[in-house]
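1. need the 3D shape of this:
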Amino acid sequence: MAVLRTLLASLLLLTAGIGVLAALTDEFRAFTTASALRISVREQPRPVPDVALQTADGRTIDLKDLQGRWVLVDFIYTRCVSTCSVQGSEFARLQNRLAAPIARGEVSLLSISFDPAHDGPAQLAGYQRRSGTRGAGWIAARPIDSDGLQDLMRVFGIKAVADGMGGFIHNPVVAVVDPHGRLVAVLDWDDPDAAVAFVTRGSDS
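-> As a prediction, this is how the structure comes out:
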């Protein structure tokens, strides 16, 4: 009887564990937060909040000003000496590869700082210069108010945690916003081919 009770208890625990795992992994389709985010966005595009941004050249723009084109978005902080610096170089290369649809007003690149207290226009401009910007088509900006920043990070699924050394640990991705202002895809930050294919499939059709 003791063996039977132990077996039944183990089966109950296993059943409960499977239920929790299913809930956390979107019915077993995702085993990481990033994968769950990709599935969620793909199946239900998210409207992007109309947040006011200050750009590297000191202008103020609203995200709605970019509607009507595809926008590739990443989140950065300019003091980062690891992933963000590589992200910047990737965006500079995307500027070059997407030069034609950028010139036609069909595609834009947008880097948003989640460290607006430090990243003013001068810092944002310096980040772009270090990354090798080609000029047109790539906007670096910071949200003007903290509520706007939190709204953006929530919708885009961005997490940034202070690392205790003056920097942040964050999840680098390239997000795709369609011409209707909806977040429709979350891509690997180091897969520029996927980003190019996604936006040109729409802009060249």
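2. other residues contacting stretch 96-110?
-> Judged by Cβ atoms under 8 Å, 6 or more residues apart in numbering, the contacts made with stretch 96-110 from elsewhere in the structure are 66, 68-74, 91, 94-95, 134, 136-141, 192, 196, 199-200, 203-204. (Glycine included, C-beta is placed from N, CA and C.)
3. who does V71 bridge with?
-> The residues listed as beta-bridge partners of V71 by DSSP bridges are S108, V177.
4. how about the helices in the protein?
-> Along the chain, the segments classed as helices by DSSP state H run 2-24, 33-43, 83-97, 99-103, 121-131, 146-156, 192-203.
5. could I get these as a markdown table with mean neighbour count?
-> As requested, the helices of the chain are exported to a markdown table (neighbours: other Cβ atoms under 10 Å):
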| stretch | mean neighbour count |
| --- | --- |
| helix 2-24 | 10 |
| helix 33-43 | 15 |
| helix 83-97 | 19 |
| helix 99-103 | 16 |
| helix 121-131 | 18 |
| helix 146-156 | 17 |
| helix 192-203 | 17 |
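6. can I get these in TSV with mean pLDDT?
-> Compiled in TSV, the helices of the chain are given as follows (pLDDT from 0 to 100):
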stretch	mean pLDDT
helix 2-24	44
helix 33-43	83
helix 83-97	89
helix 99-103	95
helix 121-131	96
helix 146-156	95
helix 192-203	84
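7. now for those, which one comes closest to T55?
-> Each of those was scored for nearness to T55 using Cβ to Cβ, and the closest is helix 121-131 (7.0 Å).
8. count of residues packed around the nearest residue to L183 once chain neighbours are set aside?
-> In this structure, L183 finds its nearest non-sequential neighbour in R46, 4.3 Å apart by Cβ to Cβ, 6 or more residues apart in numbering. Using other Cβ atoms under 10 Å, R46 has 17 other residues around it.
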